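**Q** The sequence and its predicted three-dimensional model are supplied below.
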Amino acid sequence: MDKIKEIISQMTLEEKIGQLWQVPFSSAKIEDIKKLAREGKIGSCILACTPLAGNTDNQELPFADMLNILQKEAAEHSRTKIPLIFGRDVIHGQRTIFPIPLAQGASFCPDLVEDAARRMTDEAAQDSVHWTFAPMLDVARDQRWGRVIEGYGEDACLTSQMGAAAVRGIQHKKKDGHIAAAACGKHYVGYGAVEGGREYEKGEITDYTLRNVYLRPFEAAVKENIMTVMSTFSAIGGEAVIASERLLKNLLKKELGFKGFVISDYDSVEQLITRRIAENKKDCARTAFLSGVDMEMVTDCFSQTLGELVKSGEVEETAVDEAVERILRVKEKVGLFENPYTTPDPKKQYRTEDLKSSLNLAEKSLVLLKNNGILPLKKDEKIAICGPFVNEKRALHGSWAGYGDIGSTPTFKEEMEKTFTNVLYCSEDFNIRMRDPAIVRGCDTVVLALGESNVYSGERACVSDVMLDKTQVELAHNARAFGKKVVAVIFCGRVRSLFELEPYVDAVLWAWQPGSTGAAAAVRALSGAVNPGGKLPATMVKSSGQIPLYYCPDNNPCCISDAYYEEPEFAPYLDFSTMPMYPFGYGLSYTSFKISNAVPRQKSITAKELEEGKTLSVTADIENTGEYDGDEVLQLYVKDMVSSMCRPVRELKAFLRVGLKKGEKKTVELKLDKSSFSYFIPGKGETLEKGKFELMLGNSCMGGLKMNIEIK
Ligand code: BGC
């Protein structure tokens, strides 16, 4: 018998049920939690005491010493000696804050995402974090939803690749062979489709869309052996996911082969009562547990009633054993049985190399959306700086960055003054016409630091309108009225619309909420020390009324042209366009690139070859034809020419970010495999249909070099 099975064979039913409960940590309640741990009544602690840990800054940071004392109760003083696993939302940093995940998506650099995840995990380990509630794998096509900040954008392929990279980074192997921490893919599944972008709402997702879009990143994470998955608060077409045996037990565990354990979201087991799916705690426990939830976060339905349910025969004890086994195997992989304690080493926090890595990722995530030739700015240009984010520190961190050191975060103003010799500070005021006319009159260029505050995105931070707020548009308008060149640097937790602002500015640099060193990243781009090369991971709409607007809807019968958003023959809106402000995958550079000679290595491939794991690759030349070194993101889109079901106009299936020195030329290769062509057909399953496909290689979803191939 292996070690875990042996431990389980010696546990009482109460001890087994104890492993299935995660309680919130609070030092005020430490004695109660210690008692629960000693009595074997809990298996885990979440290092947060409200579900809004991400958007409130007054979260307690429990120190490793305190957690070691608590751990001792479980690991040494309890009868089973099973250690606790401490979990926390390390979404984009523990102390060193990295750019928000949406910005990471814009980098199109899975390697950097993996590296960042590895670094945050190592840093969080110093605070006893064994398990991080990341990555968020929700594809999201509605920027009103506040949680778009936590994901990688609107596309399933991008989200899958970035999510898989994050899993690799979090679950990297330590020298002792154990993994650094367990990752948690969330929110399984379909949370990104909440109606109206409203938190905790339901989504109407057909099986076709669920499988072909929302499930894809979870499939990718399971392939990376993700150790835990969090069920979503939301419901799909009347089916609360936490109460869905179909989605949790059958699809996730059986069909996808997920071997780890499922944790419910905060309070969500007991919320089955407010959902009116359950009458009481016992009902909640029965429903969630039998559907496939292994551990309950915060509420105590399992702990209070699973014992009775086993005794009455409604739940089999072997099912409890299975859940315990799933949990203990994760504890084993994290190395908790060998060493349950943390020896904190302050030198491992805020390490120079972590700050550098955060800066590098922030630089790679910058998206240049407009440039009338005025960027980069000259070192000695007279620059007036203005706007609500000029002196901001906290907003640069974004939500879910509770332990980041705000004090030591340089502001945009500080970085501007370090870099340029002639910076004139206006104020944060909107009415520069009244406040600072002399300064603006005397400058060459006005640089505006605009965006949204950190409390405007994240959990329970949805908005009904994604336009950049009117006062900021007014500021740009006022700056423009002086006849000066105007640059907007946008610090934002979502893709807000610049439709109203854009006419008043000559250049736009989208800097996201870039983390601890993010202001420097933006300023380095303004000065030309960095050439922006990121691309939009989600469509920027012109108006909130266009939502949802994404680059890959299914082909529309009137859509005769090739561009995704382009108005078909019969324009869907009589009063507005369906074109985006900026499309998915879009971003400019200070240099120019020429993509040429795009050819598939073979004109056809057989379905059998693809089934056997063979790939079809496309090669192309890319040349930097401009005046600066820079990066381009090559994007390979696939269009199924004739299929049994309506398929997307075109879908991203592979991408590659390439760095090229001025004048340099490279030949690159992008590979497509079976999953690039197959899709899920309800009633039939994953299907590879033979026939013609059009490939397009470009630098956004809007156009590129086309190739025809056939699957025979
Ligand atoms: C969020 C999760 C988070 C959990 C724990 C919930 O409210 O939906 O994403 O991991 O709280 O903080």
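**A** Now that the structure is in, tell me what you want to look at. Note that the coordinates shown come from a computational prediction; the quantities given were computed from them, not determined experimentally.

**Q** Around the ligand, which positions in the protein sit nearby?
**A** Contacts of the chain with the ligand, taken as CB under 6 Å from any ligand atom, map to I46, A48, P51, A53, D89, F133, K186, D265, Y266, E459. Bear in mind the C-beta positions are built from the backbone N, C-alpha and C, glycine included.

**Q** and the most centrally placed residue in the chain, what does it touch?
**A** Nearest to the geometric centre of the chain sits G151, at 2.1 Å (CA atoms, centre = their mean). Neighbour list for G151: P101, L102, G105, P135, M136, L137, D138, V139, A140, T159, G192 [criterion: CB atoms under 8 Å, 6 or more residues apart in numbering].

**Q** Would you mind extracting the C-alpha trace of the host helix or strand of the third one into CSV?
**A** So that's G105. G105 belongs to helix 101-107 when assigned by DSSP states H and E. The C-alpha coordinates for helix 101-107 follow below in CSV (Å, rounded to 0.1, in the frame of the first residue of the first chain):
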residue,chain,number,x,y,z
PRO,A,101,-2.4,39.0,-16.3
LEU,A,102,-4.3,40.8,-19.1
ALA,A,103,-1.1,42.8,-19.7
GLN,A,104,0.9,39.6,-19.6
GLY,A,105,-1.5,38.4,-22.4
ALA,A,106,-0.5,41.4,-24.4
SER,A,107,3.1,40.4,-24.3
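
**Q** tell me which strands and helices it is in contact with?
**A** helix 110-125, helix 156-170, helix 352-365 (3 or more CB pairs under 8 Å, 6 or more residues apart in numbering; DSSP states H and E).

**Q** before we move on, the earlier item: roughly how far does the residue nearest to the centre of the chain sit from R119?
**A** According to CB to CB, to the nearest Å, G151 and R119 sit 20 Å apart.

**Q** next one: L616
**A** From L616 across to R119, the span is 35 Å (CB to CB).

**Q** Then Q104?
**A** With CB to CB as the criterion, Q104 and R119 are 13 Å apart.

**Q** tally of neighbours for the residue of the stretch 201-350 of the chain found nearest the ligand?
**A** Closest approach between the stretch 201-350 of the chain and the ligand, counting by CB to the nearest ligand atom: Y266, at 3.8 Å. Other residues lying near Y266 total 22 when counted by other CB atoms under 10 Å.

**Q** now stretch 346-365: how far from the chain's centre is it?
**A** 18 Å (CA atoms, centre = their mean, to the nearest Å).

**Q** average pLDDT across that stretch?
**A** Mean per-residue pLDDT for stretch 346-365: 91.

**Q** Stretch 137-157 too?
**A** Per-residue scores along stretch 137-157 average to 98.

**Q** Hmm, R198 is touching C462, no?
**A** Yes: if you go by CB atoms under 8 Å, R198 and C462 touch, sitting 5.7 Å apart.

**Q** Spit out the residues that contact these two alike.
**A** By CB under 8 Å, 6+ apart, the residues touching both R198 and C462 are R144, W145.

**Q** circling back to that earlier point, which of Q104 and R119 has more neighbours?
**A** Shown here are Q104 and R119; by other CB under 10 Å, Q104 has more neighbours (31 against 24).

**Q** Find the residue closest to that one in space, skipping its chain neighbours.
**A** Excluding its sequence neighbours, the residue lying closest to Q104 (CB to CB, 6 or more residues apart in numbering) is V113, at 5.0 Å.

**Q** Let me see the contact set for that neighbour.
**A** Listed by CB under 8 Å, 6+ apart, the contact partners of V113 are Q104, S107, M162, A165, A166, G169, L361.

**Q** let's see it at 6 Å
**A** Neighbouring residues of V113 by CB atoms under 6 Å, 6 or more residues apart in numbering: Q104, M162, A165, A166.

**Q** Surely the third one and C109 touch.
**A** No: with contact taken as CB atoms under 6 Å, A165 and C109 are classed as non-touching, separated by 8.7 Å.

**Q** who has more neighbours, R198 and C462?
**A** Of the pair R198 and C462, C462 is the one with more neighbours under other CB under 10 Å, namely 23 against 14.

**Q** Give me the distance between the closest residue in space to the more buried one that isn't next to it in sequence and L361.
**A** Distance criterion CB to CB, 6+ apart; nearest residue to C462, sequence neighbours excluded, is G146 at 4.6 Å. Distance, G146 to L361, using CB to CB: 22 Å.

**Q** Next: V642.
**A** Taken as CB to CB, the span from V642 to L361 is 41 Å.

**Q** which of these two has more neighbours?
**A** Legend: neighbour count by other CB under 10 Å for V642 and L361, higher for L361 (26 against 10).

**Q** which residues touch that one?
**A** By CB under 6 Å, 6+ apart, the residues touching L361 are F98, P99, L112, A116.

**Q** from those residues, which single one is nearest the ligand?
**A** Nearest to the ligand, judged by CB to the nearest ligand atom, of the contacts of L361 is F98 at 17.3 Å.

**Q** Report whether the expected contact of that closest one with Q104 is present.
**A** No: under the criterion of CB under 6 Å, F98 makes no contact with Q104, lying 7.3 Å away.

**Q** Just the strands from the stretch 551-700 of the chain, written as ranges.
**A** Listed in chain order, the strands of the stretch 551-700 of the chain (DSSP state E, counting those that start in this stretch) span 593-600, 604-605, 616-624, 630-640, 651-660, 665-672, 679-681, 685-687, 691-698.

**Q** Could you count how many residues lie near the nearest residue to Q546 once chain neighbours are set aside?
**A** The shortest distance from Q546 to any non-neighbouring residue, by CB to CB, 6+ apart, is to T578 (6.6 Å). T578 has 18 neighbouring residues, counting by other CB under 10 Å.

**Q** K249 now?
**A** Applying other CB under 10 Å, we find 17 residues neighbouring K249.

**Q** Contact partners for the nearest residue to it once chain neighbours are set aside?
**A** In space, and not counting its chain neighbours, K249 is closest to G292: 3.7 Å by CB to CB, 6+ apart. Residues near G292 by CB under 6 Å, 6+ apart: L248, K249, K253, V262.

**Q** Skip the chain neighbours and tell me the closest residue to the third one.
**A** Read it as K253. K253 sits nearest to G292 (CB to CB, 6+ apart), 5.9 Å away.

**Q** Just the pLDDT at the one you found, thanks.
**A** Looking at G292, the pLDDT reads 98.

**Q** Now do the phi/psi pair for it.
**A** Phi and psi for G292, reported as degrees, to the nearest 10, are phi 130, psi 0.

**Q** Could you measure from it over to D444?
**A** Going from G292 to D444 by CB to CB gives 62 Å.

**Q** And for G146?
**A** Here the criterion is CB to CB. By it, G146 lies 38 Å from D444.

**Q** the more surrounded of these two?
**A** G146 (24 against 15).

**Q** Name all residues that make contact with that one.
**A** With CB under 6 Å, 6+ apart, G146 has these contacts: S457, G458, A461, C462.

**Q** now for those residues, which pair is the farthest apart?
**A** The most widely separated members of these, counting by CB to CB, are G458 and C462 (9.6 Å).

**Q** Mind checking what secondary structure I277 has?
**A** At I277, secondary structure determined by DSSP: H, G, I helix; E, B strand; the rest coil is coil.
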